[in-house]
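K.L.:
For reference, the sequence and a predicted model appear below.
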Number of protein chains: 2
Amino acid sequence: MALKGNALFAQSGGPTAVINSSIAGAITEAQKHKDITNMYGSINGVLGVLNENFIDLNKESKKNIELLSVTPSSALGSSRHKLKNAEDFDKLLNVLKAHNIRYFFVAGGNDSMDTANKVHELAVKEKYELRVMGLPKTVDNDLPVTDHCPGYGSVARWLALAVRDAGLDTEAIYTSDTIKVIETMGRNAGWITASTALARQRDNDAPHLILLPEIPFNQDKFITEVEKVYSKLGYVVITCCEGLKDENGEYLTASKRNIDMDKFGHKQLGGVGETLVSIIAEKLKIKARCDKPGTIQRVSGIAQSSTDRAEAYLSGTMAVKHAVEGKSGYMVTLVREANEPYKCGTGLSELVNIANKERKVPKEFIAASGTWVTKEFLKYVTPLIGGSLPEYARLEKHFIAKILSK
Amino acid sequence: MALKGNALFAQSGGPTAVINSSIAGAITEAQKHKDITNMYGSINGVLGVLNENFIDLNKESKKNIELLSVTPSSALGSSRHKLKNAEDFDKLLNVLKAHNIRYFFVAGGNDSMDTANKVHELAVKEKYELRVMGLPKTVDNDLPVTDHCPGYGSVARWLALAVRDAGLDTEAIYTSDTIKVIETMGRNAGWITASTALARQRDNDAPHLILLPEIPFNQDKFITEVEKVYSKLGYVVITCCEGLKDENGEYLTASKRNIDMDKFGHKQLGGVGETLVSIIAEKLKIKARCDKPGTIQRVSGIAQSSTDRAEAYLSGTMAVKHAVEGKSGYMVTLVREANEPYKCGTGLSELVNIANKERKVPKEFIAASGTWVTKEFLKYVTPLIGGSLPEYARLEKHFIAKILSK
């Protein structure tokens, strides 16, 4: 099964906090194999392949490769470029041939796995011996087969920290800023929004309502739920997914500008939080404000989950190991072997099982209310964020007797 | 100068990452003075005083008081309540008298210092011996006299980290998400937005344009500046202040809902980032997106600046020391004694010098372009964020020769 040649590494789709760790794992493993002659990095995913924009990874310092693991975003550059037709794929394969690329490692999401799969199939068809391996990556956590996706644990940690802090903020200043809506990423799947439940450490902690795209938004129900929390606590913190849909399956808010459509036909979302703020102002006459951290949530170095980093690295390592063994057309998956204590290994799944498929939050992870998660979900997500949140003071608040207003 | 009685601690205005550290410093110092009998915390600032909602701080555990220093937001609860008239002030003083409060410590911004000053003046007038001391607090950094304000160093650190990460994100995925606008807090003063300059560690790093409220927004100039960066790098990261104003001094974007007006007549701002995104889409036909972290930026535990925390604590300590010595009607100020190495002490300023005054970013801190800061500003702000940002990999990118497209 020995195959001598060069290896090409590419990063694709939205950056994450650990996609560089995946590549660091792959590069470090590749260095151990004599069959892999040169190691190239493709600049900006498949665009770099089409344009032969390759950098020599052997010329990067050892320190730089090590630092990759703790460096967020995509150090090689990324893209959402979709190969249009057979001509594009032919061109791509010709570039791989010209540079004697025999190992092609693609870190990405479901769109990227589709591209990787097509390259794999074309190489098979053309009898060009090529080992194509996918490294799972997406903050959205919406890839099928794999237990979870590298990138998700870190965005979940970031949101657990941020929503806890922003929740304490509302709890403190609720007499003037009464309701807060925090809009998270997550197109059609609510995994990211669901992870905000980790911010709650005690009863009544934020968030109070979690709005997932899996549950159609109903304005009347929403207002009733908000009122319920408000009358109990005097303030409300709501987390919502940017991809929230109404009962007709339409996005609650999506850009109407054509320019905001990506190459895969996905609309730029965002604005749901402000829409909820308007609804609250109109229906309840209560002041609300919206925090929309946007891309900041997905590429935080400081909130990187150590578990996520290690698993991303492992997925890179295993991708190279399997490729050297002779595998092609697979994505490395994460396999949860045990939960207490948490233990995660890897598996393989054919790229065709991953390509263009989306895994939503399943019913058993969503509470009956539709606005919170289940204990099963908390068990699922807790180990992914790399340890508990820092401890905070929570005053016991022993009130003294009133004198004047007895 | 000995004055025996109880001490009351209150937090006011928007929460920060270190306002609890200010209170922790004050409480810990107060415990050392026998003249201070009981220590009460007022729940929700002056509202707690008016309603006699006091908690007994002596009953809080030592651990809780210690943890306060690393706990963001306002643990006692805050408010933006404005005392309306003489009757309100009389009521407040009567409560202080009823509980034998002789020491009143208020952590807050310019509105709060105005309230504190009026309480001080009323007590003097009524010959009720009361020591009123202000503890500086505001992420906006817009208090006069003091070199800087506790709270600012932490929001600056948060933004330095977040803008660096979000900048790397755009640098990676610019072929699909080309322009990013990050909207920061800061009503009329651009201190917070200016601090995003700390994210830039190498030439061409984000942010590329910094839009301060001190510089009137001109759409044509803005488009020209964006185009300039875009044609050089292929992508642009812009940071802007929520309080951006046009050449007529009008806020570029402010809520039109009356409900969003606070008790001091301040409008709820926000939306400037989305306005810029629209302008870019319309004029340049380039896709832009907006991150608006909102309150998350001001209350981050994880990005708390150790310098900021220590200075907040010190301001609390000194407020109590001065009060016990006999001072009243002052705010503790931070005095920069040296910059290399950075050394910061404290001073005192009469509350009347602080009340309702706003310090904007001075001309010498704004670059001639109007869209960047000066070296002097960087010297000013760098020591406040408590150490350098974590090191990241930055690939050297040695390109290999093209073969097919030579």
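P.N.:
Arrived safely.

K.L.:
roughly how far apart are the residue nearest to A:G387 when sequence neighbours are not counted and chain B?
P.N.:
Distances taken as Cβ to Cβ, 6 or more residues apart in numbering or on different chains place A:S306 nearest to A:G387, at 6.7 Å, with adjacent residues excluded. To be clear about C-beta, it is placed using only N, CA and C from the backbone, and glycine gets the same treatment. Distance check for A:S306 against chain B: by Cβ to the nearest Cβ, to the nearest Å, it reads 14 Å.

K.L.:
Residue numbers of the stretch 101-250 of chain A in contact with chain B?
P.N.:
The stretch 101-250 of chain A has residues A:161-162, A:164-166, A:168-173, A:175-177, A:180, A:182 near chain B, with proximity defined as Cβ under 8 Å from any Cβ of the partner chain.

K.L.:
which among the residues you listed gets closest to B:E29?
P.N.:
A:A172 (22.8 Å; Cβ to Cβ).

K.L.:
May I ask you to confirm that that closest one belongs to a helix?
P.N.:
Yes - counting by DSSP: H, G, I helix; E, B strand; the rest coil, A:A172 is part of a helix.

K.L.:
That one and B:G48, how far apart?
P.N.:
Remark: distance between A:A172 and B:G48 (Cβ to Cβ, to the nearest Å) = 12 Å.

K.L.:
just A:E121 next, same as before
P.N.:
With Cβ to Cβ as the criterion, A:E121 and B:G48 are 69 Å apart.

K.L.:
more crowded one of the two?
P.N.:
B:G48 (24 against 15; other Cβ atoms under 10 Å in any protein chain shown).

K.L.:
Skipping its backbone neighbours, what lies nearest the more buried one in space?
P.N.:
B:S42 (3.5 Å).

K.L.:
follow-up on the earlier one: which neighbours do A:A172 and B:G48 have in common?
P.N.:
B:76-77 (Cβ atoms under 8 Å, 6 or more residues apart in numbering or on different chains).

K.L.:
Straight-line length of stretch A:136-149, end to end?
P.N.:
Across stretch A:136-149, the terminal residues are separated by 6 Å (Cα to Cα, to the nearest Å).

K.L.:
Mean pLDDT per helix and strand in chain A: which one sits at the bottom?
P.N.:
helix A:272-284 (a mean of 92; mean pLDDT, DSSP states H and E).

K.L.:
Just the buried positions in that one, please.
P.N.:
Under the neighbour-count criterion of 16 or more other Cβ atoms under 10 Å in any protein chain shown, helix A:272-284 has A:272-277, A:279-281, A:284 buried.

K.L.:
same question, stretch A:194-203
P.N.:
A:194-200.

K.L.:
Helices - which of those land there?
P.N.:
Under the assignment DSSP state H, the buried residues of stretch A:194-203 contribute A:A194 to helices.

K.L.:
could I get the buried residues of stretch A:194-203 as TSV with pLDDT?
P.N.:
Output for these, formatted as TSV (pLDDT from 0 to 100):
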residue	pLDDT
A:A194	98
A:S195	98
A:T196	98
A:A197	98
A:L198	98
A:A199	98
A:R200	98
